[in-house]
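Colleague: Quick check, what structure comes out for this input:
(4 chains)
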Number of protein chains: 2
Amino acid sequence: MEMLDPLLHQPLRTQLAAFLAGAGEATFSELKRQLDVSDGNLDSHLKKLIAADYVNVRKDDSAARTQTCYALSPTGRAALQNYILALQKLLTMDNPEPSAPAKRRETKMKAA
Amino acid sequence: MEMLDPLLHQPLRTQLAAFLAGAGEATFSELKRQLDVSDGNLDSHLKKLIAADYVNVRKDDSAARTQTCYALSPTGRAALQNYILALQKLLTMDNPEPSAPAKRRETKMKAA
DNA sequence: TATTGACACTCTGTTTTACAGAGTTATATA
DNA sequence: TATATAACTCTGTAAAACAGAGTGTCAATA
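Modeller: Got it, this is the predicted structure:
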């Protein structure tokens, strides 16, 4: 059975990835606002995505405060595509043999 | 932001729900085979779905061994539908303002 | 230029979740 | 009757999610 990328298949991270896919790039605070999540939790999930090279980090010195910008990497974008495909496949499975009991050895009826 | 049902948004449970949606009903062992998961793990995930009334349990005495059949309840079916809709909404978000920095107070350039 | 405040993170500890494997009961088969 | 096996269930451990406190930096004000 098709496996769902556990890195993406988690509420917060799915939303994170989806948001980044749409937004292109976002700062820590933007993500925090969007996802309405605690600092620590956002940090830990971002770290996971960064560790897997799903997310790129870019320090932006142009603004008054140095900002850290997060964005989906090509790897992350591909993983997300793949993940969406897996979901579609899984959730539109129309007929996986209606309750086919797989091979099972003959079962005798309970003694009558 | 739309929340993804954490009960369904977990690799094993998503697959469980998807499989049951397609198969109608399945025994413990069938699920175990399909999902390739340990007994204990399957049990704990099933328990969660049952506790939430997403899954119905039916004891079937007609077979040689009393079999326990698991199936999606109406609640579960509705939750799954809802979940799929939420996913679609989330994953096709086409333009959530490309990196719009939300309102932020005026920032002066770093002293030149 | 010291002070206060707020923003942007990061670190640490606690709670919750996922998981594997051992244990239990009951039914076949030898 | 003994042995094996299917169908669960229980329990302990490992991993993940999470909140909040801590740290450093900038910037506005006095």
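Colleague: Spatially nearest residue to A:Leu4 (excluding sequence neighbours)?
Modeller: Of all residues not flanking A:Leu4 in the chain, B:Pro11 sits nearest, at 4.7 Å (CB to CB, 6 or more residues apart in numbering or on different chains). For glycine as for every other residue, the C-beta is placed from the backbone atoms N, C-alpha and C.
Colleague: try A:Asp60
Modeller: A:Gln67 (4.5 Å).
Colleague: any idea how far DNA strand C is from that neighbour?
Modeller: 5 Å (CB to the nearest atom of the strand, to the nearest Å).
Colleague: Neighbours of that residue, how many?
Modeller: 17 (other CB atoms under 10 Å in any protein chain shown).
Colleague: Enumerate every residue touching it.
Modeller: By CB atoms under 8 Å, 6 or more residues apart in numbering or on different chains, the residues touching A:Gln67 are A:27, A:59-60.
Colleague: cutoff 10 Å now
Modeller: A:27-30, A:58-61, B:101, B:107 (CB atoms under 10 Å, 6 or more residues apart in numbering or on different chains).
Colleague: Show the overlap between those and what lies near DNA strand C.
Modeller: A:27-29 (CB under 7 Å from any atom of the strand).
Colleague: so how far is the worst-scoring helix or strand of chain A on mean pLDDT from its chain's centroid?
Modeller: Sorting the helices and strands of chain A by mean pLDDT, DSSP states H and E puts strand A:55-60 at the bottom, at a mean of 88. How far strand A:55-60 lies from its chain's middle: 19 Å, per CA atoms, centre = their mean, to the nearest Å.
Colleague: ok, residues contacting that strand?
Modeller: A:13, A:16-17, A:20, A:25, A:27, A:45-50, A:66-76.
Colleague: Just the buried subset of the residues you listed, written out for ChimeraX, thanks.
Modeller: This is the ChimeraX syntax for the buried subset of these, where burial follows 16 or more other CB atoms under 10 Å in any protein chain shown:
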select /A:13,16,17,20,27,45,46,48,49,67,69,70,71,72,73,76
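Colleague: Okay then, goodbye and thanks.
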